[in-house]
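K.L.:
could you look at this predicted model? Sequence included:
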Amino acid sequence: MQRLPGIYVSDLLEFTHEIFRAFGRRCCDASSRSAGVDGRFEKAAQYFEQSGNRFHAGQTRFNMALTYLSSTLRESTSSGKETLLRRAQTYAAAALRDFQHYEGRAADEETRCQQLIDDIQQQLS
């Protein structure tokens, strides 16, 4: 990606974000979740961050947190649920940091992240 002119990198990342939003939850449900899929989402978030687009990085991480949280509904073991909740918590905290980068201009997203973190914390208690 570093060989592309900057304007195309931005367009490509925007397109990639839309793809992840459209298909992310479907391909990351509990029945098909894999390290490879998770790695691709994290890589996308890193690309957004490296290109200066912390907002889309935050959205990607927030969606991953939601995916892990929803996966707990289908997990039968308590240790499996806790693992998924911890992953959700990690992604939600990272998303919050991404949104805080905008110093209040992403206040709605910050609020949603904080609510998600609080919900996760309550389930872990």
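P.N.:
Received it, and whenever you're ready, just let me know what you need. Residues are numbered from 1 along each chain as shown.

K.L.:
can we go C-alpha only for contacts and neighbour counts from here?
P.N.:
OK.

K.L.:
which residue ranges form the helices in this structure?
P.N.:
Here the chain has its helices, by DSSP state H, at 6-27, 35-50, 54-71, 78-100, 107-124.

K.L.:
got any ranges where the protein has weak pLDDT?
P.N.:
1-37 (pLDDT under 70).

K.L.:
the same query, at a cut-off of 50, please.
P.N.:
Along the chain, the model assigns pLDDT under 50 to residues 1-8, 25, 27-32, 34.

K.L.:
residue closest to the middle of this protein?
P.N.:
Residue closest to the mean C-alpha point of the chain, counted by Cα atoms, centre = their mean, is R61 at 1.6 Å.

K.L.:
now S76. Its backbone dihedrals?
P.N.:
phi -90, psi -20 (degrees, to the nearest 10).

K.L.:
any idea how far it lies from E82?
P.N.:
Distance, S76 to E82, using Cα to Cα, to the nearest Å: 11 Å.

K.L.:
looking at these two, which has the bigger crowd around it?
P.N.:
Neighbour count, other Cα atoms under 10 Å: between S76 and E82, E82 has more, with 17 against 9.

K.L.:
test my guess that that one contacts Q122.
P.N.:
No: the pair E82 / Q122 is not scored as a contact, 11.8 Å apart, by Cα atoms under 8 Å.

K.L.:
buried residues of stretch 113-125, list them for me.
P.N.:
The neighbour-count check on stretch 113-125 (16 or more other Cα atoms under 10 Å) flags C113, Q114, L116, I117, I120 as buried.

K.L.:
tell me the spacing between the nearest residue to A106 once chain neighbours are set aside and L116.
P.N.:
Leaving aside its sequence neighbours, A106 sits nearest to F99 (Cα to Cα, 6 or more residues apart in numbering; 5.7 Å). Here F99 is placed at a distance of 14 Å from L116 (Cα to Cα).
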